[in-house]
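# just coords:
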């Protein structure tokens with residue numbers, strides 16, 4: 001009976017881990033779709049194709065739905081491919097918030113002194 005309990009516990013853990021990785025995969029896919037839809041960030045056609053192909057691989061792993069390691073591997077692959085895009089999105093947001101100024105021109109950055117309090 002104890003052995004049966006252990007086997008069921010292992011199966012429950014595996015099922016929980018699979019559910020968690022599926023939720024993560026769906027979240028990553030949604031975020032990637034949103035990023036690919038941005039009009040303010042340039043995405044080279046070959047970069048877009050590589051990302052979309054990897055998204056298809058991840059969707060395929062999700063649809064099979066039984067191998068959490070395969071899903072995790074595709075998430076990692078997609079993460080690596082989208083990292084440069086994420087950096088460009090962040091840089092675009094920073095540039096927009098700076099109102100066209102360069103970071104080096106801001107007080108306290110690039111050797112410029114902060115204004116005196118007063």
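Noted; the coordinates are in hand. As the structure is a computational prediction, the values presented were derived from the model and not from experiment.
# so what secondary structure elements neighbour the helix or strand hosting residue 21?
When elements are defined using DSSP states H and E, residue 21 is found to belong to helix 2-36. Using 3 or more C-beta pairs under 8 Å, 6 or more residues apart in numbering; DSSP states H and E as the contact criterion, the elements in contact with helix 2-36 are helix 45-64, helix 68-98. Just so you know, the C-beta spots here come from the backbone N, C-alpha and C atoms, and that holds for glycine as well.
# pLDDT (mean, whole number) over the last one?
The pLDDT scores in helix 68-98 average 93.
# ok, now stretch 46-59?
Averaged across stretch 46-59, pLDDT comes to 98.
# buried stuff in it?
Under the neighbour-count criterion of 16 or more other C-beta atoms under 10 Å, stretch 46-59 has 51, 54, 55, 57, 58 buried.
# Contact partners for the third one?
Contacts here follow C-beta atoms under 8 Å, 6 or more residues apart in numbering; on that basis residue 55 touches 29, 32, 33, 78.
# one more time with 7 Å
With contacts taken as C-beta atoms under 7 Å, 6 or more residues apart in numbering, residue 55 has the following neighbours: 29, 32, 78.
# okay, now the last one: neighbour count?
Counted by other C-beta atoms under 10 Å, the residues lying close to residue 78 total 22.
# now do the first one
When neighbours are counted by other C-beta under 10 Å, residue 29 registers 17.
# Wait, it touches residue 58, no?
Yes: contact between residue 29 and residue 58 holds when scored by C-beta atoms under 7 Å: they sit 6.3 Å apart.
# one step back: would you mind giving the helices and strands packed on helix 2-36 as CSV with distance to residue 3 added?
Shown next, in CSV, are the helices and strands packed on helix 2-36 (distance: least, C-beta to C-beta, whole Å):
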stretch, distance to residue 3
helix 45-64, 30
helix 68-98, 24
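# quick check, nearest of the buried residues of stretch 46-59 to residue 20?
Of all the buried residues of stretch 46-59, the one with the least separation from residue 20 (C-beta to C-beta) is residue 58, at 15.1 Å.
# Might you report the residue contacts of the closest one?
Residue 58 sits in contact with 25, 29, 74, 75, 78, where contact means C-beta under 7 Å, 6+ apart.
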